[in-house]
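Student: From the sequence below, what's the structure:
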Amino acid sequence: MTSTPSIASSDISGHLSTSSTTIASGWFDHVLRKKYRDPSKFKETLNRIYGEGDYQIKVRRDRWILALRRPMRPGEMEEIEKDTIEHY
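Tutor: Residues are numbered from 1 along each chain as shown. Model (predicted):
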């Protein structure tokens, strides 16, 4: 059983292809393509890119989902993955 770490103001989610959907609160969900072994390093990357509290991480059906207040720009998912991978 995998525990769900606490990141920012939400939960944590899984990775798949970059998909974006708007949720009722005005946030855009982006399903991540990978799972990160160290949530604290992942949080450091997200804080650097978006600022603390300007994103939410959720877990749905064992997938990590990054919720932003805007749609992701082209190449943004790759930037997150590259920065996070460098921590390992």
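Student: end-to-end on stretch 25-35?
Tutor: Stretch 25-35 has its terminal residues 25 Å apart, counting by C-alpha to C-alpha, to the nearest Å.
Student: try stretch 48-63
Tutor: 22 Å.
Student: Which helix runs longest in the chain?
Tutor: Assignment by DSSP state H gives helix 39-50 as the longest helix of the chain.
Student: Report the angle between the helix or strand just after that helix and helix 39-50.
Tutor: Where DSSP states H and E defines the elements, the next helix or strand beyond helix 39-50 is strand 55-60. Orientation check (axes from the mean of the first three to the mean of the last three C-alpha atoms, to 10 degrees): strand 55-60 against helix 39-50 gives 140 degrees.
Student: pLDDT averaged over the next helix or strand after strand 55-60 - what is it?
Tutor: Heading C-terminal from strand 55-60, the first helix or strand you meet, by DSSP H and E, is strand 63-68. Averaging pLDDT along strand 63-68 yields 90.
Student: how far off strand 55-60 does strand 63-68 point, in degrees?
Tutor: Using the same axes, to 10 degrees: strand 63-68 against strand 55-60 is 150 degrees.
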